[in-house]
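Asker: Quick check, what structure comes out for this input:
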Amino acid sequence: MPDLTEALSAIDAVIADDQRACVECGGSRDGSPSDEFCSEACQTTWTTRQAAIKHTEDNGSAPNSDVPEVAPARPLTWLGPAPANAFVKSGHEVLDAVVAFVSRFSAFPNEHCAPTLALWYAHTHIADRLYVTPRLILDSAEPGSGKTRVLEVGQYLVAKPEMTISITPAAVFRMLVEGPITLLFDEIDAVFNPKTGGNNEDLRALLNAGYKRTATVARCVGDAKSMNVTRFPVYAPVALAGIAGGMPATITTRAVTIHMRKRRHDELVEEFIEEDVEREAAPVSADLEAWAQRVADDVARARPERPDGVRDRAAEIWRPLLALADSAGGHWPETARKACRHFVVDAGPQNVSTGVRLLADIRDVFTAQKTDRMTTADLIRELHAIEDGPWTDLQGKPLDSRRLAKELDRYSVRPKDVKVNGKALKGYRVDGDGGLSDAWSRYLPPPDAGATSATPATDQVTQPGDSERVAQPDATSATRTHGQVADSRGRPELSATPETSAVADVAPVADNTSDSAGEA
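Answerer: Okay, the predicted model is just below:
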């Protein structure tokens, strides 16, 4: 076994040499009294370096750039809540996060929808501090346009959500006793559809009145022997989703309406998995609530500037949203006002009544004819000629002189004698007692800048020397200029010459007109 013996001897020699090496410099320790160092200098150098290393890694007492930050193994909740404003996000960052979150799951028709939703969600967290809470309406022409998805995502961002399809007014009364909750109604078009035969007047009145903090509904509570009148508070933020056309006008005038549309094939959104959305929305909602509570007092007292043309009830319901945008800072004041203009001014009046539509169409007819008076027969013929107008089929019958007089009488417009070719016929005039001018100025927005209207003419339409002018009135090829109520109406060329005169110089009917119709 000589070979094995020699190999073991060689290994022992190497180990012995390593054990004699200096820990600091690796040199030989021969002659050194230390078991680790070759000299006192090496020992001092090594000891100093190790002391410095222990100081930087002393159980986290000092930072170490080489070690990444990690959450402590043991939660630090025993230390108590974090100091006030320890982790504060700015308002514009919070709202931007909400916009980014909701945009992951919905393809909105325009850039104004998501910011408006973010502001509406924020206001629900301070609704008890506000005087008005705007209704939010999500409608569409067809099912499957994303209305329900907006509600499903929104329920994890609003305050105290209550998502429902069918609920009784009595249940709502009792749910609101302890303060405002956020009611999210889906398929609301079925609730207000007259074909269902249900009586939902109580629910309509509740949603109508509950947009103001002072609103209550009185009900008798108890049996016959101990009947008491109880006033139930009905103030609460409300979002309503349904097919367009079935919403009562008294609710739409108190709402911001977003018209959803079906998603295009090239518009991609994330899959909605509710448990994931609930988990991911939690920090976004917490930041939104914390920020809204911080600025609640300022928002409640604010009187923000609003875009031109936003007044009356529209100004009332947009005031808290604009105030929140101003408090958020960044791009939000401008973004919110662009959205306000889009949903109020650019959209025009929503769900106008038959009477207001009639006034608008009559103004278009008078403008196109460049006259200040028309006989009833001529006016009805012109109204019937409007391609998208309802006047050939009003509850199964075309508009006639009796129905025309009845509709206009509500606005203090009445038929008068109009002279045509020396004959006195019944008709309507712009000015004078019972004229159209006053009704136009009160119930219609001002005509477009390019539009012209009729000016008063003489009492006698046909004047001596005017026979040629009357025989060839400038009306058959006139193009209408539409206001906000009537948008995109065509008028076919007339086959007969109306029995009205043309007026050469045309000026606005009224100098002082109101920008909005009276409130319902």
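
Asker: Which residues does the helix or strand containing P320 contact?
Answerer: Using DSSP states H and E, P320 maps to helix 312-328. Contacts to helix 312-328, defined as CB atoms under 8 Å, 6 or more residues apart in numbering, come from residues 90-92, 94-95, 116, 119-120, 122-123, 130, 132-135, 211, 253-256, 291-292, 295, 298-299, 302-306, 310, 332-333, 335-337, 340, 344, 516, 519. Yep, even glycine has a C-beta here, placed from its N, CA and C like the rest.

Asker: average pLDDT for it?
Answerer: Mean pLDDT, helix 312-328: 94.

Asker: cool, stretch 223-235 as well?
Answerer: 80.

Asker: List the buried residues in it.
Answerer: Residues of stretch 223-235 classed as buried by neighbour count (16 or more other CB atoms under 10 Å): F232, P233, V234, Y235.

Asker: And for the last one, nearest residue in space, chain neighbours not counted?
Answerer: So that's Y235. R213 (4.8 Å; CB to CB, 6 or more residues apart in numbering).

Asker: quick one: P169 from V132, how far?
Answerer: Counting by CB to CB, to the nearest Å, the gap from P169 to V132 is 21 Å.

Asker: Check F272 too.
Answerer: 32 Å.

Asker: and the residue nearest the centre of the chain, what helix or strand is that in?
Answerer: In the chain, the centroid-proximal residue (CA atoms, centre = their mean) is T116; its distance is 3.9 Å. Assigned by DSSP H and E, T116 belongs to helix 113-124.

Asker: Averaged pLDDT, that helix. What do you get?
Answerer: Summarised as a single mean, pLDDT over helix 113-124 is 96.

Asker: continuing past it, what's the next helix or strand?
Answerer: Counting by DSSP H and E, what follows helix 113-124 is strand 135-140.

Asker: With only the CA atoms kept, save that next one in PDB.
Answerer: The C-alpha trace of strand 135-140 is given here as PDB (Å, rounded to 0.1, in the frame of the first residue of the first chain):
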ATOM      1  CA  ARG A 135     -78.000  61.200 -10.800                       C
ATOM      2  CA  LEU A 136     -75.900  59.100 -13.100                       C
ATOM      3  CA  ILE A 137     -77.700  57.500 -16.100                       C
ATOM      4  CA  LEU A 138     -76.100  54.900 -18.300                       C
ATOM      5  CA  ASP A 139     -78.300  54.100 -21.300                       C
ATOM      6  CA  SER A 140     -77.800  52.600 -24.800                       C
END
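
Asker: Direction included, what does it pair against?
Answerer: With DSSP bridges as the test, strand 135-140 is paired with strand 238-243 (parallel), strand 255-259 (parallel).

Asker: Give me whichever of those is most buried.
Answerer: strand 238-243 (a mean of 25; mean count of other CB atoms under 10 Å).

Asker: So which residues of the stretch 101-250 of the chain form strands?
Answerer: 135-140, 161-164, 182-185, 216-221, 228-233, 238-243 (DSSP state E, counting those that start in this stretch).

Asker: Please list the residues outside the second one that contact it.
Answerer: Contact partners of strand 161-164, identified using CB under 8 Å, 6+ apart, comprise L151, E152, G154, Q155, M175, I181, T182, L183, L184, F185, D186.

Asker: Using a markdown table, please lay out those residues together with pLDDT, distance to T164 and neighbour count.
Answerer: Formatted as a markdown table, the contacts of strand 161-164 follow (pLDDT from 0 to 100; distance: CB to CB, whole Å; neighbours: other CB atoms under 10 Å):
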| residue | pLDDT | distance to T164 | neighbour count |
| --- | --- | --- | --- |
| L151 | 94 | 10 | 20 |
| E152 | 94 | 13 | 17 |
| G154 | 95 | 14 | 25 |
| Q155 | 95 | 11 | 19 |
| M175 | 80 | 10 | 18 |
| I181 | 89 | 11 | 19 |
| T182 | 92 | 11 | 25 |
| L183 | 90 | 7 | 24 |
| L184 | 92 | 7 | 24 |
| F185 | 88 | 6 | 22 |
| D186 | 88 | 7 | 21 |
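
Asker: Which of the residues you listed sits closest to N228?
Answerer: Nearest to N228, judged by CB to CB, of those is M175 at 20.1 Å.

Asker: what's the distance between K262 and S106?
Answerer: Taken as CB to CB, the span from K262 to S106 is 12 Å.

Asker: which residues do these two both contact?
Answerer: In contact with both K262 and S106: G146, using CB under 8 Å, 6+ apart.

Asker: Have a look at the two and say which one is more surrounded.
Answerer: With neighbours defined as other CB atoms under 10 Å, K262 and S106 compare such that S106 has more, 23 against 15.

Asker: Confirm for me that that one is in contact with L151.
Answerer: No: at 10.5 Å, S106 and L151 do not qualify as touching, with contact defined as CB atoms under 8 Å.

Asker: What count of nearby residues applies to G330?
Answerer: 14.

Asker: Need the nearest residue in space to it, chain neighbours excluded.
Answerer: Nearest residue to G330, sequence neighbours excluded (CB to CB, 6+ apart): H92, at 3.1 Å.

Asker: I figured the one you found was touching T335, is that so?
Answerer: No: H92 lies out of contact with T335 (CB under 8 Å); the separation is 9.4 Å.

Asker: ok, these two, which is more surrounded?
Answerer: Between H92 and T335, T335 has the larger neighbour count (other CB under 10 Å), namely 22 against 18.

Asker: what bits of the protein have low per-residue confidence?
Answerer: Scanning the chain for pLDDT under 70 picks out 1-4, 6-20, 52-78, 82-87, 193-199, 348-351, 448-520.

Asker: can you do 50?
Answerer: Applying pLDDT under 50 to the chain flags the ranges 17-18, 54-58, 197-198, 449-520.

Asker: Which residues does stretch 217-230 contact?
Answerer: P169, F173, A205, L206, A209, R231, F232, V234.

Asker: Could you export those residues as CSV, including distance to G27?
Answerer: Below are the contacts of stretch 217-230 laid out as CSV (distance: CB to CB, whole Å):
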residue, distance to G27
P169, 94
F173, 92
A205, 98
L206, 93
A209, 94
R231, 96
F232, 93
V234, 91
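
Asker: Looking at the residues you listed, spot the one nearest L358.
Answerer: Comparing the contacts of stretch 217-230 against L358 with CB to CB places A205 closest, at 27.6 Å.

Asker: Quick one: neighbours of the closest one, just the number.
Answerer: For A205, the count of nearby residues is 16 (other CB under 10 Å).

Asker: That one - nearest residue in space that isn't next to it in sequence?
Answerer: Per CB to CB, 6+ apart, closest to A205 is V217, 7.2 Å.

Asker: who's the one you found bridged to?
Answerer: For V217, the beta-bridge partners are F232 (DSSP bridges).

Asker: Show me which helix runs longest in the protein.
Answerer: The residue-count maximum for a helix in the chain (DSSP state H) belongs to helix 274-301.

Asker: Return the set of buried residues in it.
Answerer: V277, A281, V284, S285, D287, L288, E289, W291, A292, V295, A296, V299.

Asker: for these, which one is nearest A100?
Answerer: Looking across these and measuring by CB to CB, the closest to A100 is V284, at 8.8 Å.

Asker: For that closest one, give me its contacts.
Answerer: Per CB under 8 Å, 6+ apart, neighbours of V284: A97, V98, F101, L157.

Asker: Over to L183?
Answerer: Applying CB under 8 Å, 6+ apart, the residues near L183 are E162, T164, I167, V172, A236, P237, V238, A239.
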